[in-house]
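Kindly return the folded structure for what I paste below:
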Amino acid sequence: MELKKEEAEVLRTLADTYMEIASLPVQRKKMELWKAFNRHDNTRPMVLIDQLPWNELDRGGELACVAQDPFFREIEFTLRSTIYKWNHFPVDMVVEPFLTIPFAAQNSGYGLKVMETTAVTDKDNAVVSHAFRNQLAGEEDLDKIRDMVITHDKARSREWREAAEYVFGGILPVRQAGGVYIRLGIWDELAELMGVEAIYYDLIDRPDFIHRILEKMTHSALEGIRQVNEMGLVDTSDNMCHCSVIYNDSQLPDFGAGKGTDTKNAWNFGLAQLFTSVSPAVTEEFEVPYISRLAEEYGMIYYGCCDRLDDRLSLISRIPHVKKISCSPWSHREAFAERLPGDIVMSAKPSPAFLAGESMDADVVSGDLERTCRAAQKNGVSLELILKDISTVRYEPERLEKWAALAMNTVEKFG
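Just a heads-up that it's a prediction; the model follows:
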């Protein structure tokens, strides 16, 4: 690891700015507001913005990293992007008074690597189109699925921590946690290994074959969970799960105050986005039994992403420990709010398409947000609005600031 003197100075300056923000009284106020929200204390709807097209947002060099070493460059981007969000569209984000770095851990996964071709429309944008090659075409391919193997390079972890503490000493406290993550969204993983079209055909033509795949992948993930617990690699102090803030009285009552490195004290998220185009009966047979076995290993679960779920909430709410469920732009929000159990948060995803057109219509954005807020208020459910999966803002970052202002003005009406 090599860091030039001038690079270190830039990092320390960024750390100073970061800690100034993290030390503001509003951070603790927002943290307490999130705790109240997550216990369903009838707060106003909460607002977050995440998963941004960073290649379109830099202005005046705010996001221009100078560190060349990959480890420090990632830290630099974390600092710069957090500061950027706070300065331009903070909404209800919380900036914590420390820097988290990972352990040097790796997950072998399911034993297969994604094989794909991609189509690119903007070479600087990480969002591209994918065509996946089916690697699980026949019975003989089932043996390709292996149990996860978790490894931890303790010497490298120590090197990372010592290097970070040396650079940021006296400015920004450093904590080390996590480093490896067990995704509970088996279907999203499987889509990359088979391709969505092949899966749809096999759900109809070879359902038993799909069940055998799911059984092997579930067993693999459970083995990964067992290992991260044994190795102490679970981050129970992370304040985010799937772009949602997760402070709560029982498991994360304060900054960095997790309850021990065990998945029973942690959040995780599941999803099956391609199931938007299948019936609830398919979800009941091919998702709920498998995700339930994985969810049992965690303290709290966030479920869903871009998948439509309003027509199958009675199934999803049966998943163990589910606390938040995504209401995507494809869900009928009034039906969603009406059917959602009162002890589960409605995690609504306003459409990022409103920011992606030739122009952005403030009236359309406000009307859409108010419709969601009214649906939640009418049915007495706790609502968070998370603008995410933002592929483009047409290189007009001010659209995000405009959306943030509209959203905050809207939710204040429903406090």
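
use CA for all of it now, contacts and neighbours both
Will do.

Surely F37 is in a strand?
No: counting by DSSP: H, G, I helix; E, B strand; the rest coil, one finds F37 to be helix, located in no strand.

And the helices in this structure?
Remark: helices assigned in the chain by DSSP state H are 5-22, 25-38, 70-88, 154-168, 186-194, 196-205, 207-230, 280-286, 288-295, 313-316, 333-339, 362-379, 398-412.

Any chance of these in CSV with mean neighbour count and mean pLDDT as columns?
Listed next are those as CSV, based on neighbours: other Cα atoms under 10 Å; pLDDT from 0 to 100:
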stretch, mean neighbour count, mean pLDDT
helix 5-22, 17, 99
helix 25-38, 18, 98
helix 70-88, 17, 99
helix 154-168, 16, 98
helix 186-194, 20, 97
helix 196-205, 15, 98
helix 207-230, 18, 99
helix 280-286, 15, 98
helix 288-295, 20, 99
helix 313-316, 18, 98
helix 333-339, 20, 98
helix 362-379, 17, 98
helix 398-412, 17, 99
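
mind checking which of the ones you listed is nearest V47?
Nearest to V47 among the helices of the chain is helix 398-412; the distance by Cα to Cα comes to 7.2 Å.

follow-up on the earlier one: can you tell which of the helices of the chain is closest to S250?
S250 lies closest to helix 25-38 among these, at 9.8 Å (Cα to Cα).

now the angle between helix 5-22 and the closest one, please.
Angle of helix 25-38 versus helix 5-22, following axes from the mean of the first three to the mean of the last three Cα atoms, to 10 degrees, is 60 degrees.

Using PDB, list the CA coordinates for helix 25-38.
Extracted in PDB, the C-alpha atoms of helix 25-38 (Å, rounded to 0.1, in the frame of the first residue of the first chain):
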ATOM      1  CA  PRO A  25     -26.400  17.900  16.400                       C
ATOM      2  CA  VAL A  26     -28.800  17.100  13.600                       C
ATOM      3  CA  GLN A  27     -27.200  13.700  13.100                       C
ATOM      4  CA  ARG A  28     -28.300  12.500  16.400                       C
ATOM      5  CA  LYS A  29     -31.700  14.100  16.000                       C
ATOM      6  CA  LYS A  30     -32.100  12.200  12.700                       C
ATOM      7  CA  MET A  31     -30.900   9.000  14.200                       C
ATOM      8  CA  GLU A  32     -33.500   9.300  17.000                       C
ATOM      9  CA  LEU A  33     -36.200  10.200  14.400                       C
ATOM     10  CA  TRP A  34     -35.300   7.000  12.500                       C
ATOM     11  CA  LYS A  35     -35.600   4.900  15.700                       C
ATOM     12  CA  ALA A  36     -39.000   6.400  16.300                       C
ATOM     13  CA  PHE A  37     -40.000   5.700  12.700                       C
ATOM     14  CA  ASN A  38     -38.800   2.100  12.800                       C
END
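
Next, the distance between the ends of stretch 39-57.
Stretch 39-57 has an end-to-end distance of 35 Å (Cα to Cα, to the nearest Å).

likewise stretch 305-320?
End-to-end distance (Cα to Cα), stretch 305-320: 18 Å.

Same question for that stretch: list its buried residues.
For stretch 305-320, the neighbour count (16 or more other Cα atoms under 10 Å) marks 305-313, 316-317, 319-320 as buried.

which one of those sits closest to Q227?
Set against Q227, the nearest of the buried residues of stretch 305-320 by Cα to Cα is P320 (21.1 Å).
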